[in-house]
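Below are the sequence and a predicted model; questions follow.
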Amino acid sequence: MPDLRQFKLPDVGEGLTEGEILQWLVAVGDTVTTNQPLCEVETAKAAVELPSPYAGTVVELLHEPGTTVDVGAPIITIDIGGDAPATEDDTPAAGLIGGPAPGGRTSVLVGYGPKNTEAVRRPRRSGAAVAERATAPAVLPEADYGSGTDRPPLLATAPDATSKPVRHGGLEIGRAAERHAADTEAASGTAVAPGRRAPRPLAKPPVRKYAKDLGIDLTTVTGTGAGGVITRADVEAARSAVVEPAAAETVVRFPVGDGGTAGREQRIPIKGVRKHTAAAMVSSAFTAPHVTEFLTVDVTRMMALRGRLAARPELAGLKVSPLLFVAKALLLAARKHPMVNSSWDEAAQEIVVKDYVNLGIAAATPRGLVVPNIKDAGRLSLAELAGALADLTATARAGKTSPADMSGGTITITNVGVFGVDTGTPILNPGESAILAFGAVREMPWVHKGKVRVRQVTQLALSFDHRIIDGELGSRFLADVGAVLHDPGVALAL
Amino acid sequence: MTAVREMVDPVPGAAAPHLPAQPDLVQLLTPEGERVEHPDYSLDVTDEELRSLYRDLALVRRWDVEATALQRQGELGIWASLQGQEAAQIGAGRALGEADMAFPTYREHGVAWTRGVDPLDVISLFRGNDLGGWDPVATRFNLYTVVIGAQCLHATGYAMGIQRDTADAAAIAFLGDGATSQGEVNEAFIWAATFDSPVVFFCQNNQYAISVPIERQSKVPLFQRAAGFGFPGVRVDGNDVLAVLAVTRAALARAREGSGPTFIEAFTYRMGAHTTSDDPTRYRLADELEEWKLRDPIARVKAYLSRSGKADAEFFAGVDAEGDELAARIRTGTLEMPDPAGTEMFDHVYAEQTEEIAAQRAAFLAYQEGFEK
């Protein structure tokens, strides 16, 4: 059985980014032993022989002599599986490894093979790009792999394969960088002092990675940290400002194939809010053991109270929605059971119980799910709470929810009832310990004072972090919320 | 006494006729594998000892070859090859007594071997896993020092400590020819000389300070410099394991008896690159390397052992097989070496953890978790 291994061009000299393959010392079909020289590679520092890390049979040489290869890119495939050469024939059939492929390339195990034309130095690109390219399915169209040309070349490049590359030292590298900076300056028309490049945006590595994951270009982000450093919150703000393009625009269509599903699948890149939501949900679902409890409540009296309250001058012009009651009921119950308004600090091995409630409201927006929260909601009067809810909803719908609005939540309500459904098993907003789902309020047959009557009924579902909240506490909390909704007068007792 | 005479007395049989004369060179085994005597340095060595010296030389070279290959395969960040300098290192290492303390550069793999350091504990440093995996106190072999020449001060300070403890021990500092141009090396010489400290400065003159040849480093032979500091200097054939053993033993004995430091210039040649990041073909000619291949430190021992009947083909095949086993163990051990935890750097700053370091450790952990958020 063939067992194919690829040897990737190593950094043979501390910080090198590429090397030119001067010559191959083995051929396809050769049996090689561990440490047998495979090829000679010239880097900015030295011309060296690369010894084989594997014993086996050479299946494919992935680059022609004279090609400059980025560090980390595979250069040779070796079969360590058996003694017999994998390719007996010198001219494998089309499509086989080593055989001809479209575009004058040689088919290789993964990615694009070298072109079978004259050995010409291929365009420079970053090591990551090459790795990506090498593992991309061959049917995907050639994509723009990004910012390779924005990086200064470490070295001047050989104009073609027949001329030996110039020897380089640190001075030449420095000069090449300066030349690049000058070129960049000339191209952009902005004045840059000689030998200096336009400043790179300042951000800590975790923030850089975060921005990269979200596909946000840091040069477009304004830093609010000390000295203009871009913070995580700045990236989040930038993300909020970006309106996701319609899904259709990001669809990658496969070329027509012979399978029945070809052309009938959409492939939508996972990024932006979707990516963030997915990460948060996965993190929450697999970190906090979730328990969900359900309660069905007769809210007829509460619905009747809405009209009376709406007539009060304090609430004039404000929407007295069922959600407002649920929010108030939750705040009252949370004050009685502060442990539900807490978070699990794994690093410190502590449970953080909060004296304030930043009440999150899950909102469906054109960009996807966002969970802004009302700061210190426990201190608000009913009228202030109604106003805050209205503001929060309007802001979210307009897609203008700021990162600050979304951070620091302590407990959340998800109003699934607006979609006409009865209930669900919500997943905790990461860092919180409880989330309440509020279902549709329906007219239902209900036993009221010993008789079946038509009553307005809703369902509540409470998911909680079972590390912090036991079944008893969760149940009492949910029952208290339900009691207030059933009979708002109970609020006086809580 | 010895050192002063060495400066002027040519040594008989010091070099092959086709090689340039090497005056002042202490030699006990010629490049052709002929045992010769020296008026000041005699050596009684059993056949068993001879064979074990050969074994050390051969195994250390095999280790070096494997480590170089592993670097070329991307498994080590860098490797500093000792090829050509095996005799200087094995000879010096085998001369050390149990209580003696060695202060290496970053190339003393041969000395490490004689001190019982596991090759994988050296490899882990070059793989970037740690700063050296061995216990310097238990092995009497300090951690590698990359700062050129700094270990000469460490060794001198340690030797001054030996004096205060009135211990029966010596320190030995390893250095290269390039290090002799460093200020701290000269400071160490002055301190050691002034205090008659029990320290041996063992200089492997491998002819190049990276790319700068010895002719451009010094107007005088290096061993002659010692006289200016007030202690003896001796030049030994660094490719002759027996001569290095004899000269180093004498220098260590002199140190232990309270007669002060000695400077040993082991005249040798770095057959490989300075490190794997270096390309020696850019600054030296191929025939120079060919010339030194004729003075190979291992071939001459093999020739002597075979010719004198002290070892047979079976012995040499056995050492070769042992070398291959060692190489396989090094390869497997390197590939399977676990990545270190980032927090390890906080763990060995002090013998006991301090609040400040603990806080830094916690901050680092939080920073690291910033990537996972």
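Looks like it came in fine.

who touches residue 308 in this structure?
Picking chain A for this. Listed by C-beta atoms under 8 Å, 6 or more residues apart in numbering or on different chains, A:Arg308 has no contact partners. Every residue, glycine included, has its C-beta placed from N, CA and C.

Oops, wrong one, chain B.
B:Arg35.

Could you give the backbone dihedrals for it?
With angles defined as degrees, to the nearest 10, B:Ser308 sits at phi -90, psi 0.

right, is stretch A:429-438 up against chain B?
No. Counting by C-beta under 8 Å from any C-beta of the partner chain, chain B has no neighbours in stretch A:429-438; the shortest distance is 9.2 Å.

all helices for chain A, in order.
Taking DSSP state H as the criterion, chain A carries its helices at A:127-135, A:170-188, A:205-214, A:232-241, A:272-285, A:300-310, A:322-336, A:382-397, A:403-406, A:471-486.

could those helices be laid out in CSV, adding mean pLDDT and distance to B:Gly258?
Shown next, in CSV, are the helices of chain A (pLDDT from 0 to 100; distance: least, C-beta to C-beta, whole Å):
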stretch, mean pLDDT, distance to B:Gly258
helix A:127-135, 42, 59
helix A:170-188, 52, 48
helix A:205-214, 87, 56
helix A:232-241, 84, 65
helix A:272-285, 82, 68
helix A:300-310, 90, 99
helix A:322-336, 95, 81
helix A:382-397, 90, 85
helix A:403-406, 81, 73
helix A:471-486, 95, 79
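
can you tell which of those is closest to A:Thr77?
Of all the helices of chain A, helix A:127-135 sits nearest to A:Thr77, with 11.6 Å by C-beta to C-beta.

CA atoms only: put stretch B:169-178 into CSV for me.
Taking Å, rounded to 0.1, in the frame of the first residue of the first chain, the C-alpha atoms of stretch B:169-178 are listed here in CSV:
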residue,chain,number,x,y,z
ALA,B,169,38.6,20.5,42.0
ALA,B,170,39.2,22.7,39.0
ALA,B,171,37.0,24.6,36.5
ILE,B,172,37.5,24.5,32.8
ALA,B,173,36.2,27.1,30.4
PHE,B,174,35.8,26.3,26.7
LEU,B,175,36.2,29.0,24.2
GLY,B,176,36.9,29.5,20.5
ASP,B,177,39.6,31.5,18.8
GLY,B,178,37.1,34.3,18.1
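
before we move on, the earlier item: of the helices of chain A, which stretch is the most buried?
Highest mean neighbour count among the helices of chain A (mean count of other C-beta atoms under 10 Å in any protein chain shown): helix A:322-336, with a mean of 22.

Does the helix or strand hosting B:Ala363 reach chain A?
B:Ala363 belongs to helix B:355-369 when assigned by DSSP states H and E. Yes. Using C-beta under 8 Å from any C-beta, helix B:355-369 reaches chain A at B:Ala362, B:Leu365, B:Ala366, B:Tyr367, B:Glu369.

Tell me if I'm right that the third one and A:Ala347 touch.
Read it as B:Ala366. Yes. B:Ala366 lies in contact with A:Ala347 (C-beta atoms under 8 Å); the separation is 7.1 Å.

related to what we said a few turns ago, adding distance to B:Lys293, write the helices of chain A out as a markdown table.
What follows is these, written out as a markdown table (distance: least, C-beta to C-beta, whole Å):
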| stretch | distance to B:Lys293 |
| --- | --- |
| helix A:127-135 | 38 |
| helix A:170-188 | 32 |
| helix A:205-214 | 49 |
| helix A:232-241 | 60 |
| helix A:272-285 | 60 |
| helix A:300-310 | 97 |
| helix A:322-336 | 83 |
| helix A:382-397 | 78 |
| helix A:403-406 | 68 |
| helix A:471-486 | 80 |
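
quick one, which of those helices is nearest to A:Phe7?
Nearest of these to A:Phe7, taken as C-beta to C-beta: helix A:127-135 at 12.9 Å.

What helices and strands are in contact with the strand or helix carrying B:Gln71?
When secondary structure is defined by DSSP H and E, B:Gln71 falls within helix B:47-72. The contact analysis (3 or more C-beta pairs under 8 Å, 6 or more residues apart in numbering or on different chains; DSSP states H and E) places helix B:47-72 against strand A:47-51, helix B:86-95, helix B:109-114, helix B:119-126, helix B:241-256, helix B:297-307, helix B:313-335.

mind saving the C-alpha coords of stretch A:440-453 as CSV?
Extracted as CSV, the C-alpha positions of stretch A:440-453 are listed here (Å, rounded to 0.1, in the frame of the first residue of the first chain):
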residue,chain,number,x,y,z
ALA,A,440,-45.9,33.1,21.9
VAL,A,441,-48.9,34.2,23.9
ARG,A,442,-51.8,32.2,22.6
GLU,A,443,-55.5,31.8,23.5
MET,A,444,-55.7,28.2,24.8
PRO,A,445,-58.2,26.1,26.6
TRP,A,446,-57.1,26.2,30.2
VAL,A,447,-58.5,25.1,33.5
HIS,A,448,-59.4,28.3,35.3
LYS,A,449,-61.2,28.3,38.7
GLY,A,450,-62.2,24.6,38.1
LYS,A,451,-63.6,25.1,34.6
VAL,A,452,-62.1,24.9,31.1
ARG,A,453,-61.9,28.5,29.8
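
contact partners of that stretch?
A:298-300, A:303, A:322, A:416-422, A:454-458.

Report the buried residues of that stretch.
Buried positions in stretch A:440-453, judged by neighbour count with 16 or more other C-beta atoms under 10 Å in any protein chain shown: A:Ala440, A:Val441.

What parts of chain A come near chain B?
Taking C-beta under 8 Å from any C-beta as the contact definition, chain A meets chain B at A:7-14, A:34-35, A:45-53, A:167, A:204-207, A:209-210, A:232, A:347.

Now list the buried members of the residues you listed.
Buried by 16+ other C-beta under 10 Å: A:7-13, A:34-35, A:45-53, A:206-207, A:210, A:232, out of the residues of chain A next to chain B.

would you turn the helices and strands packed on helix B:47-72 into a markdown table with mean pLDDT and distance to B:Tyr158?
Output for the helices and strands packed on helix B:47-72, formatted as a markdown table (pLDDT from 0 to 100; distance: least, C-beta to C-beta, whole Å):
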| stretch | mean pLDDT | distance to B:Tyr158 |
| --- | --- | --- |
| strand A:47-51 | 89 | 38 |
| helix B:86-95 | 98 | 17 |
| helix B:109-114 | 98 | 16 |
| helix B:119-126 | 96 | 21 |
| helix B:241-256 | 98 | 12 |
| helix B:297-307 | 97 | 28 |
| helix B:313-335 | 97 | 30 |
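
Nearest to A:Met281, out of the ones you listed?
helix B:313-335 (37.6 Å).

so A:Gly408 makes contact with A:Pro372?
No. With contacts counted by C-beta under 8 Å, A:Gly408 stays clear of A:Pro372, the gap being 10.4 Å.

So for these two, which sits in the more crowded spot?
A:Pro372 (25 against 13; other C-beta atoms under 10 Å in any protein chain shown).

Quick check: closest non-adjacent residue to that one.
Closest residue to A:Pro372 apart from its sequence neighbours, by C-beta to C-beta, 6 or more residues apart in numbering or on different chains: A:Asp405 at 4.1 Å.

That neighbour: what's it in contact with?
So A:Asp405 contacts A:Pro372, A:Asn373, A:Leu392, A:Thr395 (C-beta under 8 Å, 6+ apart).

From chain B, how far out is it?
As defined by C-beta to the nearest C-beta, to the nearest Å, A:Asp405 lies at a distance of 18 Å from chain B.
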